[in-house]
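> Sequence and predicted structure below; questions after.
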Amino acid sequence: MKKEARRRREDDRPLFGTITPSPLGDIRILATDDAVRGIFFVGQKHDFGRENENIRWEKNAILASAISCLKSYFRGESDIELPPLDPQGTAFEKAVWSLLSSIPYGKTTTYGRIAKAMEERGGRRTSPRAVGNAIARNPISILIPCHRVLGAKGQWTGYAGGIERKKWLLEHEGRVVARIERKEENGQERNQYPSRRPSSD
């Protein structure tokens, strides 16, 4: 009873919203004063901010932090400090979203692998379809990277923001990783063959 009362108080907290541009179209961001609750491409599926009349369309510190984070992502920064995230869902959905957050930048996994990880964590059989349904309802796009999940054979599969956006995000991350690897290789080469300075003798 106390947990239910506390959950109601948390859900009664004011929800603030803003819309920010991106290379993939406008993005709607929703947050309380404590954490991000939603990041959606405007017009995508499961955008609970689209018809919510109780949202205050004014910025707060969390929204400003989320905007800064998204700008860094689209600029090609791979190591980004995230603002607090508080996605709302069932216990199962939250567990799946937690696993999504562990997928490294520039890497991908499959629905089946996530289902297996859920089984190992909870000890109960989990189907890839159930995982897919939870991923489809991820309310915080990009920062909880559901775009990094592919089909069993690596095929492009459903993405609430649209398959073309999913493809763009993965290709964007791939370019960033390739650029970082090139820099690391060049740095190693310089270390192997240091330039010689003229002798002062």
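It's in. Owing to the predicted nature of the structure, the values given are computational and were not obtained by experimental measurement.
> what are the ranges of the helices in this protein?
Secondary structure of the chain (DSSP state H): helices at 2-11, 61-75, 91-100, 111-122, 128-136, 163-192.
> Mind telling me which of these the model trusts least?
Averaged per stretch, pLDDT over the helices of the chain is lowest on helix 2-11, reaching a mean of 44.
> Please give the number of neighbouring residues around the closest residue to E77 other than its chain neighbours.
Closest residue in space to E77, ignoring its immediate chain neighbours: V176 at 7.9 Å, by C-beta to C-beta, 6 or more residues apart in numbering. C-beta: built from backbone N, CA, C; applies to glycine. A count of neighbours around V176, defined by other C-beta atoms under 10 Å, yields 17.
> so who does V176 touch?
Applying C-beta atoms under 8 Å, 6 or more residues apart in numbering to V176 gives the contacts 76-78, 105-106.
> can you do 10 Å?
73, 75-78, 105-106 (C-beta atoms under 10 Å, 6 or more residues apart in numbering).
> Out of the residues you listed, who's the most crowded?
When neighbours are counted by other C-beta under 10 Å, Y73 leads the contacts of V176 with 21 neighbours.
> Quick check: it vs D79, distance?
Distance of Y73 to D79, given as C-beta to C-beta, to the nearest Å: 11 Å.
> which residues do the two both contact?
Common neighbours of Y73 and D79 (C-beta under 10 Å, 6+ apart) are Y105.
> Contacts for stretch 68-75, please.
Residues from elsewhere that reach stretch 68-75, judged by C-beta under 10 Å, 6+ apart: 20-24, 27, 29, 36, 39, 77-83, 105, 141-143, 145, 169, 172-173, 176.
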